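Peer 1: Pasting the sequence and the predicted coordinates here, then a few questions.
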Amino acid sequence: MDPQYETKKNDPNAIMPYPESSGDEHVGEVRGLSGGIMDKEPEVLEGHAKFHRLGWKRLTVVLIVEAIALGSLSLPGAFATLGMVPGVILSVAMGLICIYTAHVIGQTKLKHPQIAHYADVGRVMFGKWGYEIISFMFVLQLIFIVGSHVLTGTIMWGTITDNGNGTCSLVFGIVSAIILFLLAIPPSFAEVAILGYIDFVSICAAILITMIATGIRSSNQEGGLAAVPWSCWPKEDLSLAEGFIAVSNIVFAYSFAMCQFSFMDEMHTPSDYKKSIVALGLIEIFIYTVTGGVVYAFVGPEVQSPALLSAGPLLSKVAFGIALPVIFISGSINTVVVSRYLIERIWPNNVIRYVNTPAGWMVWLGFDFGITLIAWVIAEAIPFFSDLLAICSALFISGFSFYFPALMYFKITRNDAKSLSKKYFLDALNMLCFAIGMIILGVGTYAAIQDIMDRYDHGKVSKPYSCAPLA
C-alpha cells in the first residue's frame, strides 16, 4: 500500500489517493476520511481533484519538459573540450547517478508526504533555518532559469530574423517574456504535460536536423567524415576553468531533481515515481550521449554552442524555429513551480491556493506576471547574467541534485536498507554523491567566476538593457 496512504489515514481532512493505478487517468472520487464527499467546501474538493491528476506517464513528460531543453545542444561543445571518451563516460555516469539521487528524493517524499516542494525538505532535515535557506535557493534558481529562457528566446528570434533588420533586441526579449507568461497560465502540471508532448517532439526534431545537417556538411567537405579532426581525449592546454565549465554543462543537463517534489505532490499515486525517473534518466542518457558524440564527430573541435549554429546558415534557422517551443514551454514550467510554491506558502489553508475561484485566478495571474517580469528585468539588467546563472547553478544545483539527496539518505532513508551489505554499499554511493556535489560547488563556482573575469578582460560583457544583437 502507498506510504502516503498510511501516513494520511488518521488525518480527517486528508484527501486520499487511490493506492494503485497504472495509467494517467484520475480514478474515482475525492473523499475526506471523516465521511462523504461533501464534508468539505466544493472549491476545496475540486481543488484537490485538480491537483492530484498526475500519473507516472505524464510525470515523465513533465520531467522531460523541465529537464531536456536547448542545453542538450551545448553538449557537443563539452565533448569537444573534454574529448570523446571522457565525454561519453561522464554523460552516462552522471545520468545514472542522477537517476539514483532522484530515487532518494522519491523515497523521501513517500516517507514525508507533507513535503510539497524542495524547500520543505529543509524543514524536515534542518528545521526552520534549513527551510528558509533552501527556500531562498529554490526561488532564486527558478527565477534565474526563467530569465535564461528569456535571453535564449531573444537570441533565437534574432537569429531567425537576422536580428530583425536592426530591431532592438529588447523587443525580442519582451516578446519572449510575454510568451513565457502566457504558457505559464495553466496552474496544474497535468495540464502542462499536454504541452510537454510538443516540447519533446520539438527538441528531438531540432537535434535530428542538427545531426543530419552537420553530417551532410562534413561529408561534402574535402576528405569527408574521415577528415574531421575529433579526438578521444581532452584538447591540449586545457585550463581547469575551461575544463570544468564543460563538465558543468554535462552535469547541469541532468539537473531535473529540483522540481521533483513539486511534481510528485500532484501525483494520484506517488509510489509510481520510479517508472518516471528511470524512463527520464534513460531518455536523457541516450539523447545527451548520442547528440554530444555524433555532432562532435561530424563537426570536430570547431563545433559551436548551441550546436544548432553548426548546421549552416539556412538549416540553423530552420532548427531554431523548430526548437522555439522548447525554449518557451521548458521555461514556463519553472514559473509554474515557483508560483505554486509561493502561493501555497502564503495561503496554505486558503482556497486561493487551488486557483479555481476568481480571487484564486487573480492571485495566480499576478504571481505569473510578477515572476516573469522579475526574470526579464534581471536577465536584461545584469550584463554578465549568463555567467551569474552559472555561478548560481554551481552553488544551488550542486545541492539540489547531489549533496542534499545524499543528506536525505543519511538523515531519512538510510534505515530502509534490508541488509547490512546493501546499507554499506548505499553509504558509499551517497558519500560519492556528496563529494560530487562539493566538487561542483567549489570548482564550479571558481570556474564561473574566472569566466566572468576573462570576459571582462576581453571586453565581451554587454551593457544593461542594450539594443545590440545578443548573437
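Peer 2: All right, it came through fine. As the structure is a prediction and not an experimental result, all values here were calculated from the model. Numbering: from 1, shown residues only.
Peer 1: Which of the residues in the helix or strand where Ala428 lies are classified as buried?
Peer 2: For Ala428, the element it lies in under DSSP states H and E is helix 420-439. Neighbour counts using 16 or more other C-beta atoms under 10 Å place Leu426, Leu429, Asn430, Cys433, Phe434, Ile436, Gly437, Ile439 of helix 420-439 among the buried residues. Every C-beta, even on glycine, is put in place using the N, C-alpha and C of the backbone.
Peer 1: and which of the residues you listed is nearest to Leu225?
Peer 2: Ile436 (35.1 Å; C-beta to C-beta).
Peer 1: quick one: the closest residue to the closest one other than its chain neighbours and Ala206, what's the gap?
Peer 2: Leaving out its chain neighbours, the residue that sits closest to Ile436 by C-beta to C-beta, 6 or more residues apart in numbering is Phe402, at 5.0 Å. Taking C-beta to C-beta, to the nearest Å as the criterion, Phe402 is separated from Ala206 by 29 Å.
Peer 1: again with Ile287
Peer 2: 11 Å.
Peer 1: higher neighbour count, those two?
Peer 2: Neighbours were counted for Ile287 and for Ala206 using other C-beta atoms under 10 Å; Ala206 has more, 26 against 21.
Peer 1: Look at that one and tell me its secondary structure.
Peer 2: The three-state label given to Ala206 by DSSP: H, G, I helix; E, B strand; the rest coil is helix.
Peer 1: Show me the shaky parts of the protein.
Peer 2: Applying pLDDT under 70 to the chain flags residues 1-40, 164-165, 383-386, 470-471.
Peer 1: 50 - rerun?
Peer 2: 1-39 (pLDDT under 50).
Peer 1: That one: strands as residue ranges?
Peer 2: Per DSSP state E, the chain carries no strands over any range.
Peer 1: ok so, going back, distance between the helix holding Ala428 and the chain's centre?
Peer 2: Chain-centre distance of helix 420-439: 24 Å, with C-alpha atoms, centre = their mean, to the nearest Å.
Peer 1: and if you look at stretch 455-471?
Peer 2: 26 Å.
Peer 1: And for stretch 395-402?
Peer 2: Using C-alpha atoms, centre = their mean, the offset of stretch 395-402 from its chain centre is 12 Å.
Peer 1: Please apply the same query to stretch 273-293.
Peer 2: For stretch 273-293, the distance to the chain centre is 13 Å (C-alpha atoms, centre = their mean).
Peer 1: in that stretch, what counts as buried?
Peer 2: 273, 276-277, 279-281, 283-285, 287-289, 291-293.
Peer 1: Pull the residues that contact it.
Peer 2: 56-57, 59-60, 63-64, 67-68, 72-73, 75-76, 78-79, 84, 87-88, 91-92, 95-96, 98-99, 102-103, 106, 109, 204, 207, 210-211, 250, 253-254, 256, 260, 264, 267, 307 (C-beta atoms under 8 Å, 6 or more residues apart in numbering).
Peer 1: Just the buried ones among those residues, please.
Peer 2: 56-57, 59-60, 63-64, 67-68, 72-73, 75-76, 78-79, 84, 87-88, 91, 95, 98-99, 102-103, 106, 109, 207, 210-211, 250, 253-254, 256, 260, 264, 267, 307.
Peer 1: Narrow these to those in helices?
Peer 2: 56-57, 59-60, 63-64, 67, 75-76, 78-79, 84, 87-88, 91, 95, 98-99, 102-103, 106, 109, 207, 210-211, 250, 253, 260, 264 (DSSP state H).
Peer 1: on that earlier part again, can you tell me which of the buried residues of stretch 273-293 is closest to Trp347?
Peer 2: Tyr273 (26.7 Å).
Peer 1: and Gln450, how many neighbours?
Peer 2: What Gln450 shows, counting by other C-beta under 10 Å, is a neighbour count of 17.
Peer 1: Output the contacting helices and strands for the helix holding Ala428.
Peer 2: In terms of contacts (3 or more C-beta pairs under 8 Å, 6 or more residues apart in numbering; DSSP states H and E), helix 420-439 is packed against helix 84-111, helix 404-408.
Peer 1: just to revisit the earlier point, pick the one among the buried residues of stretch 273-293 closest to Lys128.
Peer 2: Tyr273 (27.5 Å).
Peer 1: The residue nearest to Ser330 when sequence neighbours are not counted: what's it in contact with?
Peer 2: Using C-beta to C-beta, 6+ apart and skipping residues adjacent in sequence, the residue nearest Ser330 is Ala69, 4.1 Å away. The contact partners of Ala69, by C-beta under 8 Å, 6+ apart, come to His149, Ile203, Val326, Ile327, Ser330, Gly331.
Peer 1: Kindly report the same for Gln107.
Peer 2: By C-beta under 8 Å, 6+ apart, the neighbours of Gln107 are Met408, Ile412, Thr413, Asp416.
Peer 1: repeat that for 10 Å
Peer 2: Pro3, Ser271, Tyr273, Lys274, Pro405, Met408, Tyr409, Ile412, Thr413, Asp416 (C-beta atoms under 10 Å, 6 or more residues apart in numbering).
Peer 1: again with Phe425
Peer 2: Ala417, Ser419.
Peer 1: try the one 4 residues further on
Peer 2: Listed by C-beta under 10 Å, 6+ apart, the contact set of Leu429 reads Ile97, Tyr100, Thr101, Val104, Ala406, Tyr409.
Peer 1: Return the distance of the third one relative to Glu242.
Peer 2: Distance, Thr101 to Glu242, by C-beta to C-beta: 27 Å.
Peer 1: Which of those two has more residues huddled nearby?
Peer 2: Set Thr101 next to Glu242 and count neighbours by other C-beta under 10 Å: Thr101 wins out with 27 against 17.
Peer 1: Hmm, the more buried one is touching Ser398, no?
Peer 2: No: at 11.4 Å, Thr101 does not count as touching Ser398 under the criterion of C-beta atoms under 10 Å.
Peer 1: okay, and the common contacts of the two?
Peer 2: Contacts common to Thr101 and Ser398, judged by C-beta under 10 Å, 6+ apart, are Phe404, Ile436, Gly437.
Peer 1: Name the nearest residue to the first one, ignoring sequence neighbours.
Peer 2: When the adjacent residues along the chain are set aside, Phe404 lies closest to Val121, with 7.2 Å between them (C-beta to C-beta, 6+ apart).
Peer 1: Isn't the one you found up against Thr413?
Peer 2: No: proximity of Val121 to Thr413 does not meet the contact threshold set by C-beta under 10 Å, at 11.6 Å.
Peer 1: Now Ser255, what are its backbone angles?
Peer 2: Here is the backbone geometry of Ser255 (degrees, to the nearest 10): phi -90, psi 70.
Peer 1: Quick one: residues contacting the closest residue to His149 other than its chain neighbours.
Peer 2: Nearest residue to His149 in three dimensions, chain neighbours excluded: Gly331, at 2.8 Å (C-beta to C-beta, 6+ apart). Going by C-beta under 10 Å, 6+ apart, Gly331 touches 65-66, 69, 145-150, 152-153, 176-177, 179-180, 183-184, 372, 375.
Peer 1: Where helices are concerned, which of those count?
Peer 2: Filtering the contacts of Gly331 for helices - DSSP H - leaves 65-66, 145-150, 152-153, 176-177, 179-180, 183, 372, 375.
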